[in-house]
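[1] Next input, structure requested:
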Amino acid sequence: MELSTVSLAEIAIKAAVGKLRLSAATVHQAIQDLDIRILPYAAEHAFELFGLPLHHGDPFDRQIIAQALSEQIPIVTPDEKFGLYQGLKVVW
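    Sure, this is the predicted structure:
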């Protein structure tokens, strides 16, 4: 299983502003326990944003979508807007 660096950053920001009650240690331990590989966000992922339709306005989600399209990997999310992107496999 993989987790985008972008998702990890979003989790950290939401924890810092009180939207999630998670510590860095808890998240780190969960990543280890679940044997999750952290997928780095690279320039090729950012370049995918140039041609990405504006179906979704959240910048974190747009980065995750661009990364998944570039890597040809599915995304696990209940967010229905992800399903609007052609070629993106959504699981939920």
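
[2] three-state assignment of I11?
    helix (DSSP: H, G, I helix; E, B strand; the rest coil).

[3] That one touches R21, doesn't it?
    No - at 11.4 Å, I11 does not count as touching R21 under the criterion of Cβ atoms under 8 Å. From N, CA and C alone the C-beta is placed, and that goes for glycine too.

[4] okay, the two: which has more neighbours?
    Neighbour count, other Cβ atoms under 10 Å: between I11 and R21, I11 has more, with 18 against 8.

[5] for the chain, what spans make up the helices?
    In the chain, the segments counted as helices under DSSP state H are 5-16, 24-33, 43-48, 59-71.

[6] Of all those, which one is nearest D79?
    Across the helices of the chain, D79 has its closest neighbour in helix 59-71 (6.9 Å, Cβ to Cβ).

[7] what's near enough to touch the residue nearest to L22 when sequence neighbours are not counted?
    Spatial nearest neighbour of L22, chain neighbours left out: A15 (4.8 Å); criterion: Cβ to Cβ, 6 or more residues apart in numbering. Contact analysis of A15 by Cβ atoms under 8 Å, 6 or more residues apart in numbering lists 21-24, 27.

[8] In ChimeraX, how would I select the buried members of these?
    Per 16 or more other Cβ atoms under 10 Å, the buried members of the contacts of A15 correspond to this ChimeraX selection:
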select :27
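
[9] Farthest-apart pair in the contacts of A15, please.
    Across the contacts of A15 (Cβ to Cβ), the longest gap, 12.5 Å, separates R21 and A24.

[10] residues touching R62, list them.
    49, 52, 56.

[11] List just the nearest of those to Q72.
    Minimum distance to Q72 across the contacts of R62 is 14.9 Å, recorded for L52 (Cβ to Cβ).

[12] follow-up on the earlier one: for the contacts of A15, give me JSON lines that also has distance to L84 and pLDDT.
    Formatted as JSON lines, the contacts of A15 follow (distance: Cβ to Cβ, whole Å; pLDDT from 0 to 100):
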{"residue": "R21", "distance to L84": "31", "pLDDT": "96"}
{"residue": "L22", "distance to L84": "29", "pLDDT": "96"}
{"residue": "S23", "distance to L84": "34", "pLDDT": "96"}
{"residue": "A24", "distance to L84": "33", "pLDDT": "97"}
{"residue": "V27", "distance to L84": "29", "pLDDT": "97"}
